[in-house]
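Asks: Pasting a predicted model and its sequence here:
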Amino acid sequence: MTRDYSKFLLPSGLSKIPKREPSPLERLGWKPFFSQQTDVDAAADTPPVRVVEVHRTGLRVLGENLDTLMPPGPNATVGDWLLYDPQKPSNSKVLERSSVFERRAPGSDRKRQLIAANVDTVFIVSSCNKDFSIARLERYVALALEAEVTPVILLTKADLCDDPVVYVNAASAISNRVLVEMLNALSEEPIAKLAPWCKPGQTIAFLGSSGVGKSTLVNALFRDGVADTAAIREDDSKGRHTTTRRQLHFTVDGCAVLDTPGMRELQLTDVEAGIAGLFADIVALAGQCRFSDCRHDTEPGCAIQGALARGEIDPDRLARWNKLAAEERFNASTLAERKSADKSLHKMINAIQRKNRK
Ligand SMILES: Nc1nc2c(ncn2[C@@H]2O[C@H](COP(=O)(O)OP(=O)(O)OP(=O)(O)O)[C@@H](O)[C@H]2O)c(=O)[nH]1
Ligand SMILES: [Zn+2]
């Protein structure tokens, strides 16, 4: 017997399941990736909270019916999810991050400094004018890929440019892992163009040089105001008048926007994986060279030189990869290595001087 199930099907047009309203935690950015790291029992004793502000004196965390300042203690940064221990907040556990921006601190030990965690999308902003630089965009894309954050290139000031498509095409050639949008940041366009990434529960950040339109875009996102997180504030007694150093702001739709000066200081250190992701085709070729330590110069059996000769890779792009990879190796070398390199250079110079004196 064949059964007719068609009567169970909703008439077309009504087949859309009504959207469930995101829960308060989901609006803060809670996702299955995090809930998989905890269970119901643990969540009852140590509820999940998100770090939304980092002050010199502590962290402001938000959860469901929870808004409090806790002392620094767990090695957490803005955007992090914690299992908050109300008995001993400093024991709160930091959940594994879906992404993290970090940098090497200045100074001799060059420790890693956490900038922001659990960012979903980073908008790499550049203008359709002389600010536009493929090499600079590539750096930002490498940083984003390294942090495991989805990069989206936004080309602003399209309204001031005769042929913005030229810029879009150049930016699109950077990597097939990056989407490119062009817009006039001063118009109505930003809301619609950024909408696919600025949904409730999403966390976004902006990268780009001064004057490219980052503030203009952020203003557009907050045109309806900043979400009043105070509505779920339970405890507002403690001094929060210290300067906020890193912060998440929520749009009224529930999209979290990162505001941290540290993003300006991100350097191209430890982004080996990011560079490899950006130049995946060239890295794959390098793996096919006859010698594992091939410098892709005049070595026989060099797959990169071969591809270059056949016109399969763009020589400018190859040059930029070489430059970035060399820079990253230099930056990533520890201070000790650098000192010993300086020393051997010093020795060599001394030796030459002695020789010349003879
Ligand atoms: N015509 C036009 N002007 C724009 C556009 N985007 C930004 N501007 C203008 O460019 C100037 C700089 O924009 P901002 O948004 O302040 O740039 P920013 O990236 O935040 O700069 P910093 O704060 O220095 O990092 C402002 O005068 C904006 O009005 C655009 O798409 N079209
Ligand atoms: Zn080679």
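Replies: Received the coordinates, thanks. Ligands and ions are numbered 1, 2, ... in the order given.
Asks: Strands of the stretch 201-350 of the chain, start to end?
Replies: With DSSP state E, counting those that start in this stretch as the definition, the stretch 201-350 of the chain shows strands at residue ranges 203-207, 244-250, 256-259.
Asks: Could you say which of the ones you listed is packed most deeply?
Replies: Ranked by mean neighbour count under mean count of other Cβ atoms under 10 Å, these are led by strand 203-207, which reaches a mean of 25. Yep, even glycine has a C-beta here, placed from its N, CA and C like the rest.
Asks: Which elements pack onto that one?
Replies: Packing contacts for strand 203-207, counted by 3 or more Cβ pairs under 8 Å, 6 or more residues apart in numbering; DSSP states H and E, involve strand 121-127, helix 134-147, helix 214-221, strand 256-259.
Asks: again, only using 7 Å
Replies: In this structure, strand 203-207 makes packing contacts with strand 121-127, helix 214-221, strand 256-259, judged by 3 or more Cβ pairs under 7 Å, 6 or more residues apart in numbering; DSSP states H and E.
Asks: Buried residues of the longest one, list them for me.
Replies: The reference is to helix 214-221. Applying a neighbour-count criterion of 16 or more other Cβ atoms under 10 Å, one finds 214, 216-218, 220-221 buried in helix 214-221.
Asks: if you look at that helix, does any of it touch ligand 1?
Replies: Yes. Using Cβ under 6 Å from any ligand atom, helix 214-221 comes into contact with ligand 1 via 214-216.
Asks: Check the average confidence over stretch 57-77, would you?
Replies: On average, the pLDDT along stretch 57-77 is 90.
Asks: And stretch 249-265, by the same measure?
Replies: 85.
Asks: hmm, who's touching it?
Replies: Residues external to stretch 249-265 that are found in contact with it (Cβ atoms under 7 Å, 6 or more residues apart in numbering): 22, 27, 29, 78-79, 101, 103, 115-116, 119, 198-205, 207, 218, 221-222, 224-227, 229, 246-248.
Asks: Enumerate the beta-bridge partners assigned to the residue nearest to residue 157 when sequence neighbours are not counted.
Replies: Closest residue to residue 157 in three dimensions, ignoring its sequence neighbours and counting by Cβ to Cβ, 6 or more residues apart in numbering: residue 127, at 4.2 Å. With DSSP bridges as the criterion, the beta-bridge partners of residue 127 are residue 156.
Asks: Residue 127 contacts residue 214, doesn't it?
Replies: No. In this structure, residue 127 is not within contact of residue 214 by Cβ atoms under 7 Å, at 10.7 Å.
Asks: Would you mind listing what in the stretch 51-200 of the chain touches ligand 1?
Replies: Where proximity means Cβ under 6 Å from any ligand atom, the interface of the stretch 51-200 of the chain facing ligand 1 comprises 156-157, 159-160, 184-186.
Asks: at 8 Å instead, please
Replies: 125, 127, 156-160, 183-187 (Cβ under 8 Å from any ligand atom).
Asks: dump the residue contacts of residue 92.
Replies: The contact partners of residue 92, taken as Cβ under 7 Å, 6+ apart, are 46, 74, 82-85.
Asks: how about 6 Å then?
Replies: Residue 92 sits next to 74, 82, 84-85 when contact means Cβ atoms under 6 Å, 6 or more residues apart in numbering.
Asks: Nothing else from me, thank you.
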